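Trainee: Build the 3D model from these lines:
(one chain, ligands or ions: 1)
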Amino acid sequence: MPELPEVETIVAQLKQKIIGNKVIKVEVLDSLVEPKIKDLTPFRFIDVRRRAKYIIMCLDNGKYFLVHLGMTGLFYFVEKAQLEQKKKCYQPHLLATFTFNDGSILTHNSVRKIGSFRLMEEKELNMALSKLGPEPLDSEFTLGKFKEMLTQKSRAKVKVTLMDQSFIAGIGNIYAQEALYHAGINPERKIGSLNSTETKKLYESIILVLKEGIKHKGTSVDEYIHLEGAGENQKYLRVYRKKKCPQGHLLKKEAMGGRGTSYCPVCQK
Ligand SMILES: [Zn+2]
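Mentor: You can find the predicted model right below:
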């Protein structure tokens with residue numbers, strides 16, 4: 001599932017390709033996309049932002065699209081001159097098409113059709129996002145803030161908590177496992193058992209693995225691709241879907257919070 005680095009990559013690319021372009025036609029081909037969207041034309045996108053794993057597309061009519069990619073959601077942007085040539089890419093599993101006045105298109109696709117594409121007023125948008133925890137790459141997310149957050153969760157297990165979107169935003173199964181390996185912490189540990197050095201290491205590891213993910217344009221292990229192709233971060237993973245850790249130890253794999261979790265019984269205490 002796309003997590004913070006994957007969504008951040010897509011948002012940065014959407015920003016470059018669609019801001020300011022006038023949408024003259026919208027086709028909605030699946031009920032996952034709110035049907036009312038097709039009645040909004042013409043409009044322009046004035047901004048694209050990320051919050052947690054959501055994409056927020058801001059329109060010049062004061063409305064917003066709130067998009068969650070679910071497991072397999074993606075976007076294609078195709079210039080008019082390449083529409084024929086790239087049909088095989090953007091036509092399968094099509095959910096919606098946005099046509100711009102220069103003839104280029106933006107499509108939203110999803111193989112498994114889990115996710116959401118909703119039209120919202122600002123008030124609704126703020127409500128929908130109000131329960132999310134802080135953004136780990138924001139300057140306000142300091143070590144002091146992280147420590148304070150952890151004291152509220154002392155009896156919870158560390159990995160499950162990192163994946164809780166109301167605790168901290170944007171981290172899922174890939175980056176939780178990677179951060180815990182980098183920090184040398186067993187994913188089943190209770191938060192209350194972490195000492196000050198471990199907490200600091202975990203804080204730094206979260207930021208490090210997310211920044212690595214963004215630098216490599218996300219992790220393409222399943223269907224995830226960004227607007228220009230596949231991410232590269234899978235080449236740099238330490239434990240996620242691996243058999244051995246970078247030190248050569250055999251990893252253990254267990255279900256935690258319903259998700260397969262790999263960890264190193266030697267490196268992670
Ligand atoms: Zn190891």
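Trainee: Show me which residues of stretch 16-23 are buried.
Mentor: Buried residues in stretch 16-23, defined by neighbour count with 16 or more other C-beta atoms under 10 Å: Lys17, Ile18, Asn21, Val23. Placement of C-beta: from N, CA and C, glycine included.
Trainee: and Tyr240, what is it in contact with?
Mentor: Asn173, Ile174, Gln177, Glu178, Thr219, Val221, Ser262 (C-beta atoms under 8 Å, 6 or more residues apart in numbering).
Trainee: Give me the number of neighbouring residues for the nearest residue to the fifth one once chain neighbours are set aside.
Mentor: Take Thr219 and drop its neighbours on the chain: the residue closest to it by C-beta to C-beta, 6 or more residues apart in numbering is Asn233, 4.1 Å away. Taking other C-beta atoms under 10 Å as the criterion, the count of residues near Asn233 is 26.
Trainee: Show me what the mean pLDDT comes to for the lengthiest helix in the chain.
Mentor: Across the chain, the longest stretch assigned as helix under DSSP state H is helix 196-215. Mean pLDDT, computed over helix 196-215, is 98.
Trainee: for the residue nearest to Thr219, what are its contacts?
Mentor: Counting by C-beta under 8 Å, 6+ apart, Asn233 touches Pro5, Glu212, Gly213, His216, Lys217, Gly218, Thr219, Ser220.
Trainee: Ok, His182 next?
Mentor: His182 sits in contact with Lys201, Ser205, Leu208, Val209, Arg238, where contact means C-beta under 8 Å, 6+ apart.
Trainee: Narrow the contacts of Tyr240 to those in strands?
Mentor: Among the contacts of Tyr240, DSSP state E puts Ser262 in strands.
Trainee: In ChimeraX, how would I select just the buried ones from the contacts of Tyr240?
Mentor: Buried subset of these, written as a ChimeraX selection, criterion 16+ other C-beta under 10 Å:
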select :173,174,177,178,219,262
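Trainee: did I read that right, Val26 in a strand?
Mentor: Yes: judged by DSSP: H, G, I helix; E, B strand; the rest coil, Val26 forms part of a strand.
Trainee: Does it touch Leu40 like I think?
Mentor: Yes: at 6.9 Å, Val26 counts as touching Leu40 under the criterion of C-beta atoms under 8 Å.
Trainee: which residues sit in contact with whatever residue of the stretch 51-200 of the chain ends up closest to the ion?
Mentor: Proximity of the stretch 51-200 of the chain to the ion (C-beta to the ion) peaks at Tyr181, 7.9 Å away. Tyr181 is in contact with Arg238, Val239, Cys245, Tyr263, Cys264, Cys267, Gln268, counting by C-beta under 8 Å, 6+ apart.
Trainee: my read is it is in a strand, agree?
Mentor: No: per three-state DSSP, Tyr181 lies outside any strand segment and is helix.
Trainee: measure it to Arg238 for me?
Mentor: In this view, Tyr181 and Arg238 are 5 Å apart by C-beta to C-beta, to the nearest Å.
Trainee: Just the ones of the buried residues of stretch 16-23 in helices?
Mentor: Lys17, Ile18.
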